Every structure is written in C-alpha cells, then in structure tokens.
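**Student:** can you look at this prediction? I've put the sequence above it.
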Amino acid sequence: MRIGVLGLQGGVAEHIYMLRKVFNEANIGGEAILVTKPSGLKDIDGIIIPGGESTTIGKIALKIGLLDELKEYILNGLPSMGVCAGAIMMAKKILDRVLGEVSQPSLNVMDIEVVRNYFGRQRESFEIDLNIPVLGSKPFRGVFIRAPAITGVSNNVEALAYLDKVVVFARQDHMLAVAFHPELTNDVRVHRYFINLIRRLY
C-alpha cells in the first residue's frame, strides 16, 4: 500500500509519521509518499491533503498543474482525506466566517459546505474530547487550530462526529473530511480508519 501526502504546505511530516506508525503497528506493508507534483499521483492507493492555509495550497497546486490532476484522480475513486485546510479544499461550497461565500482554487469534490475559521482565529485554538463512534468508545482528542466546520452535508454524506451541533468529521464514499488535526496527537485511530477504508475499497 502506498499513501501519498500532499506536500505543498502544512503539517506534512506529521501525517507521514502517523501513517508509518499505523503501518508498523498493524504489520501492514505500506509506504508514505510525499506528493509535490502531478507525477507523484501515479501508483498511490490514497492521499491525505493536510492542514495549512487552504488558499495558499490551492494556488500552489493550481500553478504546478497538480490541482486539476488530483481532482480527476479523486473523482475517479482515489481514496482521500482532507484535514482542516484539506477539508476546505474538498468542499463544493466554501464560506468564510466573516466574508461569506468565497471563491478560491479548490478540488470541489465533496458534497459538503464548509465555513473557514468557524471556531475563530489562531488565538481561539483549542483541544476537546470528541465522541467518534466509528473509532470506538474511547473519546478522541480533537485539536482545533483556526478550524473549519462542516455546516452542510448532502444525503450521501455520513456525519462521523459533531461539535457544537456542526459536523467536524464526515465521509462520502471514498472521501473523508476532518476539521481537526489528528496528526497532532498520539492517537492513530483516524489514520487507521483511513487506511482500513482504503483496504476495504481495494
């Protein structure tokens, strides 16, 4: 199994570390691949779009020809997990808490509405225990940094976790959107869930 991590900006190394940790703990023959150009999308079984700044990631990906290529791969079934900024990029509708609906380079693949900075800016960052039934009964420590929220989902999207009555973790077929940062914890369950999703799809 080869899982790519989009390496243009944000918490890239942390996701690679978590993937390798799951591979080792589960005794899975796996490899975490840094994806920085369109050719890096070949022969991977899934991809993580990490946190960072969604507008910046989108502009860089567009400039190097990676944005449209990645969109095609995802639309053709490539399992993908967007984390924080990555979740914003995957949404079909993007709003800003202050500006309202915005237009920015994005993947536009997931039937969700996302509000940027929903919980506030950097100084309003926080951690909180989340109830995520698909990960088991033990709470998952959610790290929210300038975090978005999923404020609208279509009927084909499954809400996996809520906070303050908004969705913070969702699945649509082979796609996951995560508003918090699972890579900033010692808990590998979100990454393991993604890997298991890939294994079931293949």
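**Tutor:** Arrived safely.
**Student:** what about the strands in the protein?
**Tutor:** Using DSSP state E, the strands found in the chain span residues 2-6, 31-35, 46-49, 80-83, 91-96, 100-101, 110-116, 126-130, 140-144, 149-153, 158-163, 166-172, 175-178.
**Student:** can I get those in a markdown table including mean neighbour count and distance to T185?
**Tutor:** The C-beta positions use only the backbone N, C-alpha and C, and glycine is treated the same way. Converted to a markdown table, those look like this (neighbours: other Cβ atoms under 10 Å; distance: least, Cβ to Cβ, whole Å):
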| stretch | mean neighbour count | distance to T185 |
| --- | --- | --- |
| strand 2-6 | 25 | 17 |
| strand 31-35 | 18 | 17 |
| strand 46-49 | 26 | 15 |
| strand 80-83 | 29 | 12 |
| strand 91-96 | 20 | 24 |
| strand 100-101 | 9 | 32 |
| strand 110-116 | 23 | 22 |
| strand 126-130 | 14 | 9 |
| strand 140-144 | 20 | 5 |
| strand 149-153 | 20 | 19 |
| strand 158-163 | 18 | 14 |
| strand 166-172 | 22 | 14 |
| strand 175-178 | 28 | 12 |
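**Student:** can you redo the ones you listed as TSV with distance to G58 and mean pLDDT?
**Tutor:** TSV is the format used below for the strands of the chain (distance: least, Cβ to Cβ, whole Å; pLDDT from 0 to 100):
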stretch	distance to G58	mean pLDDT
strand 2-6	11	97
strand 31-35	15	96
strand 46-49	10	98
strand 80-83	12	98
strand 91-96	10	95
strand 100-101	16	86
strand 110-116	12	97
strand 126-130	26	97
strand 140-144	21	97
strand 149-153	18	97
strand 158-163	25	98
strand 166-172	20	98
strand 175-178	15	98
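**Student:** how about those, which one is nearest I198?
**Tutor:** strand 46-49 (4.5 Å; Cβ to Cβ).
**Student:** which residues does the closest one contact?
**Tutor:** Here strand 46-49 makes contact (Cβ atoms under 8 Å, 6 or more residues apart in numbering) with 1, 3-6, 15, 19, 35, 41, 57, 70, 73-74, 78-83, 85-86, 89-90, 107, 194-195, 197-198.
**Student:** ditto for stretch 144-159
**Tutor:** Residues outside stretch 144-159 that contact it (Cβ under 8 Å, 6+ apart) are 51, 84-85, 87-88, 91, 93, 95, 110-122, 125-128, 163-164, 166-173, 177, 179-181, 184.
**Student:** now that stretch - C-alpha only, PDB.
**Tutor:** Taking Å, rounded to 0.1, in the frame of the first residue of the first chain, the C-alpha atoms of stretch 144-159 are listed here in PDB:
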ATOM      1  CA  PHE A 144      -8.700  22.600  16.500                       C
ATOM      2  CA  ILE A 145      -6.400  25.300  15.000                       C
ATOM      3  CA  ARG A 146      -8.200  28.000  13.000                       C
ATOM      4  CA  ALA A 147     -10.500  25.200  12.300                       C
ATOM      5  CA  PRO A 148     -13.300  25.000   9.800                       C
ATOM      6  CA  ALA A 149     -16.700  23.400  10.400                       C
ATOM      7  CA  ILE A 150     -18.900  21.400   8.000                       C
ATOM      8  CA  THR A 151     -22.100  23.300   8.200                       C
ATOM      9  CA  GLY A 152     -24.000  21.500   5.400                       C
ATOM     10  CA  VAL A 153     -24.000  17.900   4.100                       C
ATOM     11  CA  SER A 154     -26.000  16.200   1.300                       C
ATOM     12  CA  ASN A 155     -27.900  12.900   1.800                       C
ATOM     13  CA  ASN A 156     -24.900  10.900   0.500                       C
ATOM     14  CA  VAL A 157     -22.500  12.200   3.200                       C
ATOM     15  CA  GLU A 158     -22.200  10.500   6.600                       C
ATOM     16  CA  ALA A 159     -21.500  12.700   9.600                       C
END
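**Student:** brilliant, that's me finished.
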